[in-house]
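# any chance you can model this:
(chains A and B)
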Amino acid sequence: MFECTPGMGWRVAASLALAVFTSCPAAAKPIAFADGTTIMAEYGAGTMEEAQAFYAPYYWLSLGAGFLRLDSDVMPRTRNIHDLRVNYLVHRWNLDDAQANIFAWGGLGPATGNDFRGTVLDREIGFQADYETRRFYASWVTDLHESPAYSDRIDTVQLGFAPYAHDYEDLAAWFVLQARDYSGGIHDGVEVALLVRLFKGGAWVEAGVTQSGRPQVMMMFNF
Amino acid sequence: MRSCMFVLCSALAALPAFARAATIEMEVNGLVCAFCAQGIEKKLRAFPATDDVVVSLEKKLVALSTKDGQDIPDDELTSALTNAGYTVKAIHRESESLDDVRARLKGSR
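Numbering: from 1, shown residues only, chains lettered A, B, ... in the order given. Sure, this is the predicted structure:
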């Protein structure tokens, strides 16, 4: 189990407060649409690399697999987690000019790391809340990975602003401010990134830099 | 002979109306992003009677044309959109062609 580092409580509190004030979580939705397949990959500033593939038989359920690598930038500590995951839409609000969602997910799979021996069973649980109009986007995602050897949690808050309201066939452009907090000694402090998000049709690309100048890139395809 | 010609002319004059597929417009709540539209379009195109689909996020409108002589009942359309995760506010049928609807939607932007 990772120890709590000094200041971690403040970082979590700040992240949660930001989530509360923004009212929702961000990042790609774990279920795009019914009978749809989602493939996504993210490079998160050198501390997180993630790839996922899901198929959604219903708009409220998707099943898939993922890979997550965590690489601490404050100590020599890595995690390689493979899991099978189920995503569930807990509730959706279809409003006149907005949509809000609460998602939950759980996963199981083998994990390895460089500060424990062998392979352990990783248990994942996560939640996402998001609120979106055609010009404003806010989301909060919390993702917890636990095993007998570690407990890692990643909280991500995003606020997005679109300079123009896009329509279906347009290229959508968003500017996104992201705050991410890692527990378990993966990163010291809240990692803030400024991102540009572009999507059109089923393709989504997001890229930017953190406050320390590290790149973050995310791609997602729905079909 | 004259009456036969009249019937033939009347039938020819009526052809464009029969040939033009019906346009069904659906007002939908929660339609805010391209992925929403993509999911709805995929659901509606799965109907064998569907000819073409237009989605407008701006107008919160989904318009569909059916193949000649075919229709899709309102309850099946509502079910398809509900099963896609969206809320249907209203469904109405228009005499306007889908191309005209598309042009109207583009013109209003």
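# pLDDT weak spots in chain A?
Along chain A, the parts satisfying pLDDT under 70 run over A:1-27.
# now swap in chain B and tell me
Applying pLDDT under 70 to chain B flags residues B:1-21, B:108-109.
# hmm, 80 instead?
B:1-22, B:107-109 (pLDDT under 80).
# could you pull out the strands for it?
B:23-29, B:50-56, B:61-66, B:87-94 (DSSP state E).
# distance of the residue most central in space within chain B from chain A?
Nearest to the mean C-alpha position of chain B, counting by CA atoms, centre = their mean, stands B:L64 at 2.4 Å. Distance of B:L64 to chain A, given as CB to the nearest CB, to the nearest Å: 14 Å. Every C-beta, even on glycine, is put in place using the N, C-alpha and C of the backbone.
# surely that residue and B:A46 touch.
No - assessed by CB atoms under 8 Å, B:L64 is found out of contact with B:A46, at 11.6 Å.
# dihedrals phi and psi, the closest residue in space to A:F136 that isn't next to it in sequence?
Sequence neighbours aside, A:F161 is the residue nearest to A:F136 in space, at 6.3 Å (criterion: CB to CB, 6 or more residues apart in numbering or on different chains). As for A:F161, its main-chain torsions (degrees, to the nearest 10) stand at phi -130, psi 130.
# A:F161: how many residues sit nearby?
When neighbours are defined as other CB atoms under 10 Å in any protein chain shown, A:F161 has 13 of them.
# write out the residues of chain A neighbouring chain B.
Taking CB under 8 Å from any CB of the partner chain as the contact definition, chain A meets chain B at A:29, A:32-36, A:58-60, A:89, A:92-99, A:132-134, A:165-168, A:172, A:199-202, A:222.
# which stretch of helix or strand covers A:A193?
Secondary structure assignment for A:A193, by DSSP states H and E: strand A:191-200.
# what helices or strands is that strand leaning on?
strand A:172-182, strand A:203-210 (3 or more CB pairs under 8 Å, 6 or more residues apart in numbering or on different chains; DSSP states H and E).
# okay, those strands, which one's buried deepest?
For these, average neighbour numbers computed from mean count of other CB atoms under 10 Å in any protein chain shown are highest in strand A:172-182, which has a mean of 20.
# how far out from the middle of the chain is it?
10 Å (CA atoms, centre = their mean, to the nearest Å).
# tilt between that strand and strand A:203-210?
50 degrees (axes from the mean of the first three to the mean of the last three CA atoms, to 10 degrees).
# count of neighbours near whatever residue of chain A ends up closest to chain B?
Here the residue of chain A nearest chain B is A:F33; by CB to the nearest CB that distance is 2.4 Å. For A:F33, the count of nearby residues is 26 (other CB under 10 Å).
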